[in-house]
Each structure stands twice: as C-alpha cells, then as structure tokens.
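> all I have is the shape, not the residue letters:
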C-alpha cells in the first residue's frame, strides 16, 4: 500500500502507539470507575455501621422503644446525599429522606446486601436487638460519580486524537531522522561507478546497525574494486600475450609473401608460424580453463587413481625437456597411494610444477619430486636448485600473467598462467599450494591434498 519505507515506519509506529494508548485509556477508565464505586461502597458501609451503632445505643437509653430509637439514630446521621432508613421486617421505622421511601422499600423487600441500579447504590446492614432483627439501609445517588467519569471521558475523547496526531508527526520525524543516513548512502552509491570503485561510503556518526551496513557495503566495494582491477589487468595481459604470437605469425607471413622464397625458407617460415600457433593454442586453452573455473563451469571427473603412478608418469613425460637443459629429475614417489580425484587435472598440476622448476633451473641443476603420506592426506613437493624466488615475486606468484623480473620472461616460453592453474586445481580438490622461498638456492612448491573417501 505504502511504497515509502518512511511512511511504513510511521504507520506502524502510529498504529502500535494508538493500540497501546487506547488499551491504557480503557484500563485507566475502568480502574477509576472501580475505585469510585469502592469509595462509595466504603462510605455507605461506614454510615450504615454508624447508624446501627447509634440505633443500638438509643435502644438501651429508651428502654427498647425501637421506633423512637430508630428516629433518634437516623436524626443524628447527617451525611449529605446519603439516605438512612431502619426497617423491622417490611415496616419502615425511620428515614431521613422521605423522597427515597419507595426505593428504600424496594431494596428492603429485595433482601439483597448490596444494591446498584438506576444510578443509585445502597448497602444493607442487619442488626439484632431485643430478639428482633432490624435492617439499616444506606442509600446514595451515583450522579457525582457519573459526573466525574463524564469529565474523564470528555478529556480522553479530546486528548486521544491530539495524542494520535502528535504521535504521527513524531513518528514521521523520527523515521525521517533515522533514515537520513540511508539517503546519504544512496546518494553516495549512485555516484560510484566502475571508474571510482576506490571510493567508500561515509555516514558519519550514526547507529551501530547503519554503521555495520555501511562497513559491509564498503567491504563489498573493496572486493569489487579488487575484482575489477584484476579483470582489467587480466584483459590487458591476455591482449598482450595474444598480440605477440599473432604479430609474429603476421610478420612471418608478410615477409614470406614479400618476394619469392626458396622451399627451405618457406619451410622455416611455416615452422615459425607453427610454433607460434601452438603457443597461441596453449594460451587460449589456459585462458578458457581459467575462465570456466572462475564461472564454476568445470566439473571434476573424479575417479580412482594412484598418486605415486601419476607423479612418476609426469616425471617421465618431462625427461626429454629436462635432458635438453641438462637438468636431473629425482623422483621419490614411494609405495602405492590410492586417491580419488580428477586424474587429468592432477597430472596437469604436477606437469606445470615440473615445467616451472625445469625452466628456472640452470644447466647441471636438479629437480626433486617427493610424494609423502600425511595424516590429513598427501603432500606433493617439487623443489629445484634454480635461482629461487625474491620476496617481491612471492607476493604475486599465483597471479595470472605475472612474471618476476628475475625469473620469468617470454623467452623462457611461459605465459605466467602455470602457477595460477596449479593453485586452481589444488583448491578444486579442497587442497592448497604453498611455496618456500630460498633466494639463490632454488625454491620448493608443496601441494597438500586432503584424504578422500
């Protein structure tokens, strides 16, 4: 009904306040009415007891002349607005209010102890004297009580609408004041675009809940800023990496087509183009795999395998590459170690680690691969005797397309995606990858894979 949150808060506040105040007014009015009635009853009871005591005393003084005693007792009671009558059976012995005789007779004949009807209240006391039973009736009108209650009702009927109006205005102002930081946040949010994600919301001194909301939103902006920056850098690096082989292919084709060449020259050109095309294909495959992983579209093909066999096969696969660089591969896989995982991805992970270690190990160096069984699962370690990793490089080691100044260059054939893929595959198997830096004496990468059922 109301699309404005401020109006909704006002309506709910006013509705709750109205219900509570109406209930309080009803309770107050009922309590006041009951108190006034009790006050009248106490006054009537007191006067009836006084009349009974006086009647008893007069009976003693007048030697049992009940009629005279009754008249004397009633005459001594002079409370304004209270009618006193003494009865012996149906006979009225005395009364100080002849105008109420009919009502007093009716009350006497009814036999009740308390009477309330037609705007009148009465109390009946029973008195025994000389072996006879007498009734003393105290009667008064409820007009004064009704007048007082009418004043209270008049005040409530006038005051309630004014209170509701004041409550509505107060609730609206309160809602407006409470929601003011939200309007500030909305204004600042509209000013934030992809170009200024470094900005943060500022709401000043506000309630704890709104400060928590602003802090949460600022944390979201921080994550978006990081994601956008990573995406921009990724696009720029991917464009650069894609442009290089394309430029080489185009340049080689332009040179070959510039004039007639010998068959050997054409074959050399085609070989260069083929190498760059393979390089371009590997890069595109890596980018597609990482893109699918980021989108959550990669499904692991989990199956039974032996990690020791997988690591040994990976070491044999890179033997030719290692021999070409005069690097020794030392494989220490140990006994059979069953595991459940995606064999293709795990093999790709180990190959990337081995390729990275061989590429940055100088001739005559050594790459050691170990497989250890641990209580939590398995640990695959690949260490080398290469140039190591600088502290600056270690901070960005698993970022895509990152190349340290010391270790990575296009001349070595890498794209800067290998370790990113290693990290993704390890995390896809609920594991993790760690690196131990040892500048000047090589580096060691360890992949921890948890136990699987």
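Sure thing, it's come through. As the structure is a computational prediction, the values presented were derived from the model and not from experiment.

> quick one, domains of the protein?
Following automatic domain parsing, the chain resolves into domains at 5-150, 208-295, 302-450.

> quick check: phi and psi at residue 342.
Main-chain dihedrals, residue 342, degrees, to the nearest 10: phi -90, psi 110.

> that one contacts residue 301, correct?
Yes: using Cβ atoms under 8 Å, residue 342 is in contact with residue 301, at 5.1 Å. (Each C-beta comes from the backbone N, C-alpha and C, glycine too.)

> which of those two has more neighbours?
residue 342 (19 against 10; other Cβ atoms under 10 Å).

> quick one on the thing from earlier: which one of the domains of the chain has the poorest average confidence?
Lowest mean pLDDT within the domains of the chain: domain 208-295, at a mean of 77.

> circling back: with distance to residue 195 as added columns, please give the domains of the chain in TSV.
Formatted as TSV, the domains of the chain follow (distance: least, Cβ to Cβ, whole Å):
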stretch	distance to residue 195
domain 5-150	30
domain 208-295	9
domain 302-450	23
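
> between those, which one is nearest to residue 194?
Among those, domain 208-295 comes nearest to residue 194, with 6.0 Å by Cβ to Cβ.

> need the strands for the stretch 351-453 of the chain, in chain order.
For the stretch 351-453 of the chain, the strands defined by DSSP state E, counting those that start in this stretch cover 366-373, 377-384, 432-436, 444-450.

> partners of the last one in the sheet?
Which is strand 444-450. Here strand 444-450 is paired, per DSSP bridges, with strand 377-384 (antiparallel), strand 432-436 (antiparallel).

> any idea how far the last one is from the chain center?
The offset between the C-alpha centroid of strand 432-436 and the centroid of the whole chain comes to 35 Å, using Cα atoms, centre = their mean, to the nearest Å.

> mind listing what's buried in that strand?
Burial within strand 432-436, assessed by neighbour count using 16 or more other Cβ atoms under 10 Å, is assigned to residue 433.

> start at 23, not 1
Yep, numbering from 23; the last one is strand 454-458 now.

> quick one: contacts of it?
Strand 454-458 is contacted by residues 411, 416, 419-420, 441, 444-445, 448, 465-470 when judged by Cβ atoms under 8 Å, 6 or more residues apart in numbering.

> over to the longest one?
Outside strand 399-406, the residues that touch it by Cβ under 8 Å, 6+ apart are 329, 333, 359, 361, 372, 375-376, 379-380, 382-383, 387-394, 453, 464-474.

> how far away is residue 188 from residue 40?
12 Å (Cβ to Cβ, to the nearest Å).

> again, but for residue 57
Separation of residue 57 from residue 40 (Cβ to Cβ): 26 Å.

> repeat for residue 247
When distance is defined by Cβ to Cβ, residue 247 is 48 Å away from residue 40.

> follow-up on the earlier one: between residue 57 and residue 40, who's got more neighbours?
Counted by other Cβ under 10 Å, residue 57 and residue 40 do not tie: residue 40 has more neighbours, with 15 against 11.

> grab the nearest non-local neighbour of that one.
Setting aside the residues directly before and after it, residue 40 is nearest to residue 186 in space (Cβ to Cβ, 6 or more residues apart in numbering), at 5.7 Å.

> list the residues that contact that neighbour.
36, 39-40, 43.

> make a PyMOL selection of whichever of the residues you listed turn out to be buried.
Of those, the buried ones go into a single PyMOL selection, burial set by 16+ other Cβ under 10 Å:
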select buried, resi 36+39+43
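
> next, format the contacts of residue 186 as JSON lines and append secondary structure and distance to residue 123.
As requested, those are exported to JSON lines (DSSP: H, G, I helix; E, B strand; the rest coil; distance: Cβ to Cβ, whole Å):
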{"residue": "36", "secondary structure": "helix", "distance to residue 123": "55"}
{"residue": "39", "secondary structure": "helix", "distance to residue 123": "53"}
{"residue": "40", "secondary structure": "helix", "distance to residue 123": "50"}
{"residue": "43", "secondary structure": "helix", "distance to residue 123": "47"}
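
> save the contacts of residue 186 as JSON lines, and put in distance to residue 133 too.
Listed next are the contacts of residue 186 as JSON lines, based on distance: Cβ to Cβ, whole Å:
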{"residue": "36", "distance to residue 133": "53"}
{"residue": "39", "distance to residue 133": "50"}
{"residue": "40", "distance to residue 133": "47"}
{"residue": "43", "distance to residue 133": "44"}
